[in-house]
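**Q** Sharing a model that was predicted from the sequence below.
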Amino acid sequence: MTANAILTDLIQRPAQAAEALPALSPDQLNTHLGGHPNSIAWLLWHSGREIDAQLSDLTGFPQQWEDFRERFDLGEIGETFGLGHTPEQAAQIRVDDQRLLIDYLKAALNACAEYADTLTDADLAEVIDENWTPPVTRGVRLVSVIDDAVQHIAQAAFIAGALG
């Protein structure tokens, strides 16, 4: 199995997990379990946004958000991607359409998989960020972005289970 095949398989995992979530009502999507600032809607939205924004930085291509912005209708807060949100900002991410959240996440992941499939081993090993110790390679950045999404989808699944 090639590095590209492994990476592409990894990239599809968050979408599969998001698709496995039970059907949730708007209230369930936007519940802040235990007063936590991150609702299921926020977790799914953020997962798509962080993949989309970081992939755009890597590729120079426009974000998938361009095709989803109006459908989400989140205003200025939708232009962020959640990193560093205060509880008040996180609460502004209210999305009542589970399918929209999953479709956006899948669009970002599909773009990521298409990009990853074009990379050579040398591309994956290229250092793209010297601000960390050790410096971050393209491959490490992609794994990091997907790992973050996996963790957030798992959080969403936990909340969905707790809401029963």
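**A** Right, received. Where do you want to start?
**Q** hey, let's count contacts and neighbours off CA atoms from now on
**A** Will do.
**Q** Grab the most central residue of the chain for me.
**A** S47 (2.0 Å; Cα atoms, centre = their mean).
**Q** isn't there a helix covering that residue?
**A** Yes - looking at S47 with DSSP: H, G, I helix; E, B strand; the rest coil, it is inside a helix.
**Q** That one contacts L105, doesn't it?
**A** Yes - taking Cα atoms under 8 Å as the definition, S47 is a contact partner of L105 at 6.7 Å.
**Q** Can I get stretch 119-127 in CSV, CA atoms only?
**A** Only the C-alpha atoms of stretch 119-127 are listed here, as CSV (Å, rounded to 0.1, in the frame of the first residue of the first chain):
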residue,chain,number,x,y,z
LEU,A,119,1.4,14.2,-3.9
THR,A,120,4.7,12.3,-4.2
ASP,A,121,6.7,11.0,-1.3
ALA,A,122,9.0,14.1,-1.8
ASP,A,123,5.9,16.4,-1.6
LEU,A,124,4.8,14.8,1.6
ALA,A,125,8.3,15.2,3.1
GLU,A,126,8.6,18.8,2.2
VAL,A,127,8.8,21.2,5.2
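**Q** What residues sit buried inside it?
**A** When neighbours are counted by 16 or more other Cα atoms under 10 Å, the buried residues of stretch 119-127 are found to be L124, V127.
**Q** cool, stretch 81-93 as well?
**A** For stretch 81-93, the neighbour count (16+ other Cα under 10 Å) marks F81, G82, A90, A91, Q92, I93 as buried.
**Q** circling back: so what's the residue nearest to the centre of the chain up against?
**A** S47 makes contact with L105, D148, A149, H152, I153 under the criterion Cα atoms under 8 Å, 6 or more residues apart in numbering.
**Q** mind checking how far the longest helix seen in the chain is from the chain centre?
**A** Longest helix in the chain by number of residues, with DSSP state H as the criterion: helix 138-163. On the basis of Cα atoms, centre = their mean, to the nearest Å, helix 138-163 sits 8 Å off its chain's mean C-alpha point.
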